[in-house]
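[1] coords please:
(one chain, ligands or ions: 1)
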Amino acid sequence: MNSNERFGLVYLIFGVSIILSLTSCEKKEKESAALKSKFSSTQLTAHFPYDLGPATVDVSSYPLNIQESYKLFLAVCSSCHSSSRPLNSPYIKAYDWKRFVKRMHIKMGTRGYVLESKDEKRIVEFLVYDSKIRKIDKKDEFDAKAQDLNKLFKEVSKERESLQEEETLGLPKKETPYVGVK
Ligand code: HEC
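    A predicted model of the protein is given here:
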């Protein structure tokens, strides 16, 4: 190989590597566009990271009375938000669950729905038992899932913001109030 041929070879390799890197860039761009649209509308309306987790639990190994209470829980606690909110939330103690069920109960009251105190107790009983099984006894597993949900929630929030920005792009800018010179 003379020096001209060697030069030619170097240019060829250089050229091919540029083409390869350009096509991989294009691929990445396409991938990020796919990433953008991969969230469902339900995911985009999540208020809490826990909204993004599963909305059901496998209760087949739970005691029968708890399985019954689970049905009641699903019926009552998924009427305003998804049941995934309480199921994947970090709350575990009876004290917390009593507080939350009371708080939700008050919200239901304002909608004209009455929850009997015996049903309230059964829902708390299910939540405490289920928290023990999934959140306390398998703490590492639950914490890892919670971390994934937090990450996903950040991505979803970002996506929501950029969608809102796109939506407001066409609108006239809001006037910024004069706040003085800082
Ligand atoms: C009447 C509508 C309604 C019903 C029914 C309802 N919730 Fe909620 N829930 C809300 C709203 C609104 C929020 C968000 C604002 C807040 O936390 O008060 C919320 C938030 C929550 C949160 C997250 C609170 C936080 O700050 O982390 C939990 C946990 C929760 N609900 C559990 C339950 C449980 C358990 C039930 C069933 C007993 C239930 N919800 C039924 C309306 C409801």
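[2] quick check, pLDDT for the residue nearest the centre of the chain.
    By Cα atoms, centre = their mean, the mean C-alpha position of the chain lies nearest to residue 52, the distance being 3.1 Å. Turning to residue 52, the model gives it a pLDDT of 97.
[3] try the one 3 residues further on
    Each residue has a pLDDT score; the one for residue 55 is 97.
[4] please report the distance of it from residue 143.
    Separation of residue 55 from residue 143 (Cβ to Cβ, to the nearest Å): 20 Å. Placement of C-beta: from N, CA and C, glycine included.
[5] quick one: which of the two has more around it?
    Higher neighbour count among residue 55 and residue 143: residue 55, with 15 against 12, using other Cβ atoms under 10 Å.
[6] now the more buried one, what's its secondary structure?
    What DSSP: H, G, I helix; E, B strand; the rest coil gives for residue 55 is coil.
[7] burial measure for the closest residue to it other than its chain neighbours, as a count.
    If the residues on either side of it in the chain are set aside, residue 55 comes closest to residue 84, at 4.2 Å by Cβ to Cβ, 6 or more residues apart in numbering. Residue 84 has 21 neighbours, counted by other Cβ under 10 Å.
[8] which is the next helix or strand following the helix or strand hosting residue 4?
    Assigned by DSSP states H and E, residue 4 belongs to helix 3-36. Counting by DSSP H and E, the element after helix 3-36 in chain order, helix or strand, is helix 41-44.
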